[in-house]
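J.: Turn this into a structure:
(2 chains)
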Amino acid sequence: MLTRGEHRAARGGGVAAILLIGLALLAPIWVLVAQGTGAGLGSGQGAYLMRITRFTLLQAGLSTLLSLGLAIPLTRALARRPAFAGRRWLISLFAVPLGLPPLVAALGLLEVWGRNGLANAGLSVLGLETPFSIYGLSGILLAHVFFNMPLATRLILPGLERLPPEYWKTAANLGMGGMSLFRLVEWPAMRRSAGAAAGLIFMLCATSFTLVLVLGGGPAATTLEVAIYQALRFDFDPGRAVLLSAIQIGLTLAVMLALRLISLPAEAGDTRGGSPSRPDAGRGWRALPDITLIALSGAFVAAPLVAVVTSGLAADLGRLLSSAQFWRATATSLGIGLAAAILSVSLAGLMVRARHSAGARPGSPALGLLSGMTGAASSLTLLVPPVVLGAGWFLMLGGGSGQLIAPLAVIVLINALMSLPFVIRVIEPAHQSAMERNGRLALSLGITGIDRIRQIDIPAMLAPVSTGFVFAVALSLGDLGAVALFGSDRILTLPWLLYQKLGSYRTADAAGLALLLGATTMTLMVVADRFGAGTFTRARKDLP
Amino acid sequence: MTTTPAIEFDRVAYGVGELSAEFAFSREPGTVTAILGPSGAGKSTLLNLAAGFLEPREGQIRIDGKPVGGLPPATRGVSMVFQDNNLFAHLDIRTNIGLGLDPALKLDAAAWARVEAALDRVGLAGFGKRQPGSLSGGERQRVALARAFVRRRPLLLLDEPFDGLGPGLAADMLRLMLEIRAEVGATVLMVTHDPDEARAAADRILLISKGKIAADADAAGFFDRTDLPELEAYLGRQRGA
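T.: Model (predicted):
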């Protein structure tokens, strides 16, 4: 419930936000297209593009298959064992990879699975000669499973735990064994969320940049995103970058359309243990397969995290903390993060308000368009991956070398767009309920315009706005994609510094940096989560 | 000459502390026993022990004279009907009943014919392709009875199956249950908290209080007895009134 003036302001703000997002998205695409029409397909280019595309799809497909192939039996085992000690810790542990900067995770994985890592030491004790190689396809798959197997588990488990306890008793009473229980009861309960998880994981892996950059070795294991980066950064071949970008956008568009067909499940989360008694769960030695699977999965996820902490603590943190380079990178990262978060939250606020205002008069085609555009703008940012966006701006700025402000602004913009869909998702429901609660009252008291925004709307939404803000800072802090194209001695962020230390085999420095970066982003994520929890409990209390 | 009891709890003890329970009783084949008692007294624990969802700490449970300790629920010769969620909501009615004949659902034409016959028997002919969600609560319980009917197990365990159906419907369902019991020749243990239901259906009463059997008696005239303090407390009657 807004006044006429407020409606006008809200819609005007929404149009402005859409224009800015449109410009940020379309300007680079336009540059890519303009440059691309000039660049013909050289001989051999076709085969190269084909190979890169095929590998991108192959690794995404295999990653999805492996992640779900492990998550489904693990989810069944976890649902069968609703009350073992440490279960809640394990479920919380599974949320950690989601918030971890990929580069930090890559370092942890290298510590565990690298040539001199724990896993290969174990394998050689067992007498296996050829060590597991973390570079190339196997490493990419390993890293993607590390990130996505826990994600899939958290998405699928609630569906199983929601089944009523009588189901398990009835199944035991009727004598339904493992296979028929899976086929007739468990799989139908998992099918929807497993399908949605598969789509989401495929999307994440098809656009994965950092992990492939670090772990993919050479031309045999390169994805579209990394190839774009290489084309611009090393070969300065804009034509190739344009073609790769076009393929990447087409690919993500196809996956997103497919995802629309299968609705995404509700947020992962409510996994408080489900049915208290599972008469079908084996006891004694028959519990061994479940125990083994759960323990191995826990160790698989925990080991790289532990490795980041232990190797980070073993590094010379004192020297790192006293180096000017570290503080410069920290200042740059924080500056970019804060600016990106302010931009992201502002854009989200404008768009949420515009959509609310447009929704007040259903049936108006212009307002319907505005509402639709604000909705589409946020998902469009998912369609164009950061590296592709960066590529367009990179070409527009002529490589960005020697410049400082323009590349920084582009990095801020890309990071802001990246977090926009998530920030909108946090803010929109809170805005909705705040409007319902305060709208009439504010109107009847005559508190309008900027006074109303300052006195009523912003205080009422402080918690969700803070959640969105902190989340955007954390996401931006850990991001390598946007900075990869522009990073230099002058533009130095923490992930970029970490990537350089890794590249120059300064392993101890890298380990220390990874610990600091990982700990910072994880702390921010936890803080954002707390703010969010506060919002939820308050929103629940306000229900009649 | 004594017949082998259909079910026998031989000094069965379960759990420790607050939730512990001790039961000793036996039932002749074909009897219907109502299990009464305040909530939390251990009525469902007794049924869960018989069904094999819980294992006793001490003592032995025998069904048809055969010790069933350690046997999985499916091989004990038991059918169970709960108050709710007896049917898998995503499977249609005939599949839900068919699972009673084969848990892997490998059924031939004759088996499916038995499923249809069971549906007919409970007055739901033609409902086979419907989803449980499209049925009323009473109809869903009829389907659960139809499944118990095709399974023909010697022991039928009912955990407040007609609760929340309303008095008239509950009485109809009780009658249907007794008919099916008679046709299958099963022995029934039925948890209820409705004395009228117990009076109408049961030959015998088990009154449970604080994890123990407070009374094991004939149903006839049971509720007029005044010598049982647990019964007085359960029915909320004033002593000597």
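
J.: where's A:L475, which helix or strand?
T.: Counting by DSSP states H and E, the element that carries A:L475 is helix A:462-477.

J.: can you pull the buried residues of that helix?
T.: A:463-477 (16 or more other C-beta atoms under 10 Å in any protein chain shown). In this view, the C-beta of every residue, glycine as well, is placed from N, C-alpha and C.

J.: For A:G375, state which of these is nearest.
T.: The closest of those to A:G375 turns out to be A:G468 (C-beta to C-beta; 17.2 Å).

J.: And the pLDDT at the closest one?
T.: In this model, A:G468 is scored at 87, pLDDT.

J.: list the contacts for A:L485?
T.: The contact partners of A:L485, taken as C-beta atoms under 8 Å, 6 or more residues apart in numbering or on different chains, are A:229, A:232-233, A:387, A:390-391, A:394, A:400.

J.: Now do the strands in chain B.
T.: B:7-14, B:21-27, B:32-36, B:58-63, B:66-67, B:78-81, B:155-159, B:187-191, B:204-209, B:212-218 (DSSP state E).

J.: Please name the nearest non-neighbouring residue to residue 174.
T.: No chain in the question, so chain A it is. B:P103 (4.9 Å; C-beta to C-beta, 6 or more residues apart in numbering or on different chains).

J.: think we crossed wires, I meant chain B
T.: B:A201 (5.3 Å).

J.: Surely the one you found and B:A34 touch.
T.: Yes - in this structure, B:A201 is within contact of B:A34 by C-beta atoms under 8 Å, at 6.7 Å.

J.: With neighbour numbers in mind, choose between those two.
T.: Neighbour count, other C-beta atoms under 10 Å in any protein chain shown: between B:A201 and B:A34, B:A34 has more, with 26 against 23.

J.: And for the residue in chain B that chain A sits nearest to, the neighbour number?
T.: Here the residue of chain B nearest chain A is B:A74; by C-beta to the nearest C-beta that distance is 2.7 Å. Neighbour count of B:A74, defined by other C-beta under 10 Å: 19.

J.: about what we covered before: who are the neighbours in contact with the residue nearest to A:L174?
T.: Per C-beta under 8 Å, 6+ apart, neighbours of B:P103: A:171, A:174-177, A:180, B:74.

J.: Using TSV, lay out the strands of chain B together with mean pLDDT and distance to A:M149.
T.: Below are the strands of chain B laid out as TSV (pLDDT from 0 to 100; distance: least, C-beta to C-beta, whole Å):
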stretch	mean pLDDT	distance to A:M149
strand B:7-14	92	39
strand B:21-27	92	42
strand B:32-36	94	47
strand B:58-63	93	43
strand B:66-67	92	44
strand B:78-81	93	37
strand B:155-159	94	39
strand B:187-191	95	43
strand B:204-209	92	47
strand B:212-218	90	49
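
J.: Tell me which of those approaches A:A221 most closely.
T.: strand B:78-81 (55.7 Å).

J.: Check whether that closest one comes near chain A.
T.: Yes - contact of strand B:78-81 with chain A (C-beta under 8 Å from any C-beta of the partner chain) involves B:78-80.

J.: For those residues, which entry has the maximal number of neighbours?
T.: B:M80 (28 neighbours).

J.: unless I'm mixing things up, that one is touching B:N48, no?
T.: No - contact criterion C-beta under 8 Å: B:M80 and B:N48 do not qualify, at 9.1 Å.

J.: any common contacting residues for those two?
T.: Common neighbours of B:M80 and B:N48 (C-beta under 8 Å, 6+ apart) do not exist.

J.: ok, back up a step: now do the shared contacts for B:A201 and B:A34.
T.: By C-beta under 8 Å, 6+ apart, the residues touching both B:A201 and B:A34 are B:M190.

J.: Which parts of chain B belong to which domain?
T.: B:1-77+B:153-241, B:90-152 (automatic domain parsing).
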